[in-house]
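Asker: The following comprises the amino acid sequence and a computationally predicted model.
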Amino acid sequence: MSENPTQSSSSESDSSPGPQTDRRTFLKGSAAALGASAVSTEAVRGREERGPAAGDVPTARSSKGMVSSVHPQATEIGAEVLRDGGNAVDAAVAVQFALNVVQPHASGIGGGGFMVVYDAEEDELYSVDNRERAPFGATPEMFLDDDGEPIPFQQRRASGNAVGVPGTLRAADVALKRFGSRELSSLIDPAVGLAAKSGPKVTVDAPLAEAIAGNAQVFNDAAQSVFAPGGSPLEEGDRLVQPDLADTFRTIRDEGIGAFYKGPIGEAMAETVQDAGGSMRPSDVGRYNVTIDHPEHAEFRDVTVRTQSLPSSGGLTIGQILKLVEPLDLCRYGRQSPETYEILLEAYGHAYADRGAYMGDKAFVDAPWQGLFDEDYLDSRREGIAADGTANASPGPGNPWDYQPGEPYQIDALGRDELAGGGRARDRGQTTHFTTADSEGNMVSWTSTIEQFFGSGLMVPDHGFMLNNELTDFDAVPGGPNEVQPWKRPLSSTSPTIVFKDGDPYMTVGSPGGKTIITTVAQIILNVVEFDMSLAQAIAAPRVYKDTDPEIIWERGVPRGVRRQLTEAGFEFADEPSQLGNAQAILVDPESGEYVGAADPRRDGSVVGL
């Protein structure tokens, strides 16, 4: 992937759910709105009753290119870029802008995320970190009340203090300059058409309608006028028109991203945040830039799993889960066996305990990444993981510093006593994930977010885009590695991943779902690599989630007998099933070399092969 010659390169709080928020919603937002639907509500509800099957998974094969996203209009826009000669990064940028229009509750230029890019010409993998940052006026105590107690989450969420300086637009611009072949102006144009009244019709589908109905109470006046005009939330089938967003996109198209980061759009954004009690200033917006880094990696079986590094905990935690279970040979038990589920659930608990204790923005705190992957340390953690028919007590964190060269250079890790009662942080955000590949072998795995559905509920007046509430991913109580600090990035669970086999890209995968992203991605990788499933089977397979809290979130399709047996062993399953994740993935067929694309049917994503 050659550089454009005409351009130069330049989820969490430690408080518990409020009385109106159950734990599943607290962790991952509304399960009914994990993505955009392309089919009937009846079809979606039918799958919700029984869980998806491999035959429900939309798939495509092609050697020329592939796009998979959560919405058919966004997927088709990306595919058209590839047909016109654009590369995988060009297509991904076009998809991102389109998703801002058709999925405004989950991502957009008012948010951020993480983008993993494989450059085939360089044979190198990069991550473009566009995580939101705390403005310079942020303080460690800003989410505490006058008595030093955490402000209730919904109150925090709707505050200007929740809004981080957004990075999505900067990521699109930098990625194009470094890896792309098209101008940003041409790639934002299709989104202008989608947002404008005169453009292609965009209708509200069932997931978006449910997200609007579930979040209308936090909308400011500008958001209310778009999504609940006259106080009546838009319903499924209604047309969605966003003229202010279309005008904002036209301004960026014509004037460049400077209009956002150092111009009137950024000034309006900072004013909106300050009016809601936040400290963001235009100078904070203008200072923002992405970082280009190399992803974390973990060896598992015959593949190398490479995913986002800190401040996303995805890379280290997915890697630790895979390393914990690798010598336990899950395949001998079978994917749907009680033994496999028991081992996975206990491995998740141990990995999440370490995650909460030791991880934060790597520019501010030192994480014991070598210790977490040290074989002696892993052996010590496996003592609490076994298919023995007995649930181990919720684990505390281990001490990977005993296996790590040196000492923490900036912050002391939290001890077991400080993490008693379920861990410090709970990530309850939402995102969207999409992935692209082109005929030259370039691949993109990009997870983009405004955190909660509709973010903070704050739309920038006259500009039509929602602002994130990403800073609620910081711990409300100061003192740990994920406390609020000026210009710091909050800990994330976002896990855009590219898996390598024999040195070549083998599979991209990612998902929304807040803190549950990590286990969703880990399970899909295990399904393909450990259990030799097809990509469709791996995505359709029922998922489970557990952290340091005893309650297990599970999907329909987890065998009743397994749940009964594990309950008798002491595990605690939630009373009702819930949907977990909405994965998009591309696999390279090792025999034909073709791309096999798949989109999660849990919210009816869309995949197109050229």
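Answerer: Here it is on my side, so go on.
Asker: Only C-alpha atoms from now on, for both contacts and neighbour counts.
Answerer: Noted.
Asker: Would you mind measuring from the residue nearest the centre of the chain to R382?
Answerer: The chain has T494 as the residue nearest its centroid, 3.8 Å off, counting by Cα atoms, centre = their mean. From T494 over to R382 the distance is 25 Å, taken as Cα to Cα, to the nearest Å.
Asker: which residues touch P229?
Answerer: Contacts of P229 were listed using Cα atoms under 8 Å, 6 or more residues apart in numbering, and none were found.
Asker: how close does it sit to E568?
Answerer: Remark: distance between P229 and E568 (Cα to Cα) = 51 Å.
Asker: did I read that right, M507 in a helix?
Answerer: No - counting by DSSP: H, G, I helix; E, B strand; the rest coil, M507 is not found in a helix; it is strand.
Asker: what pairs with it across the strands?
Answerer: Each beta-bridge partner of M507 is listed here: V499, L587, as defined by DSSP bridges.
Asker: That one contacts L587, correct?
Answerer: Yes - with contacts defined as Cα atoms under 8 Å, M507 counts as touching L587 at a distance of 4.2 Å.
Asker: Dihedrals phi and psi, the residue nearest to the centre of the chain?
Answerer: The phi and psi values for T494, taken as degrees, to the nearest 10, are phi -60, psi 130.
Asker: quick one, what contacts it?
Answerer: Contacts of T494 by Cα under 8 Å, 6+ apart are 11, 113-114, 308, 312-314, 447, 511-512, 514-515, 517-518.
Asker: One more pass at 6 Å, please.
Answerer: When the contact criterion is Cα atoms under 6 Å, 6 or more residues apart in numbering, the partners of T494 are 312, 314.
Asker: got it, and the one 4 residues further on?
Answerer: The neighbours of I498, taking Cα under 6 Å, 6+ apart as the test, are 306, 507-508.
Asker: Name the nearest of those relative to A437.
Answerer: Proximity of the contacts of I498 to A437 was ranked by Cα to Cα; the top entry is T508 with 9.3 Å.
Asker: how many neighbours does P405 have?
Answerer: Taking other Cα atoms under 10 Å as the criterion, the count of residues near P405 is 10.
Asker: Please confirm that it is located within a helix.
Answerer: No - secondary structure assignment places P405 outside any helix; it is coil (three-state DSSP).
Asker: Got phi/psi on it?
Answerer: In terms of degrees, to the nearest 10, the main-chain angles of P405 are phi -60, psi 140.
Asker: and if you look at V218?
Answerer: Listed backbone geometry of V218 is phi -100, psi 0, with angles given as degrees, to the nearest 10.
Asker: Start and end of stretch 229-236, how far apart?
Answerer: Stretch 229-236 has an end-to-end distance of 15 Å (criterion: Cα to Cα).
Asker: Pull out the buried positions in that stretch.
Answerer: 233-235 (16 or more other Cα atoms under 10 Å).
Asker: Please compute how far it lies from its chain's middle.
Answerer: From the chain centre to the centre of stretch 229-236 is a distance of 28 Å (Cα atoms, centre = their mean, to the nearest Å).
Asker: before we move on, the earlier item: and the pLDDT for the residue nearest to the centre of the chain?
Answerer: You'll see T494 listed with a pLDDT of 96.
Asker: let's number from 19 now, not from 1
Answerer: With the count now opening at 19, the last piece we talked about shows up as T512.
Asker: how many neighbours does the closest residue to S81 other than its chain neighbours have?
Answerer: The shortest distance from S81 to any residue other than its chain neighbours is 4.5 Å, reached at E612 (Cα to Cα, 6 or more residues apart in numbering). Summarising burial for E612: neighbours were counted as other Cα under 10 Å, giving 18.
Asker: got it, and the one 10 residues further on?
Answerer: Counted with other Cα under 10 Å, residues neighbouring D622 total 25.
Asker: go on, the one 3 residues further on?
Answerer: Counted with other Cα under 10 Å, the burial measure for V625 works out to 31 neighbours.
Asker: so who does it touch?
Answerer: Taking Cα under 6 Å, 6+ apart as the definition of contact, the neighbours of V625 are 85-86, 617.
Asker: If we use 10 Å, what do you get?
Answerer: When contacts are counted by Cα atoms under 10 Å, 6 or more residues apart in numbering, V625 is found next to 75-79, 84-90, 93-94, 97, 452-454, 602-604, 614-618.
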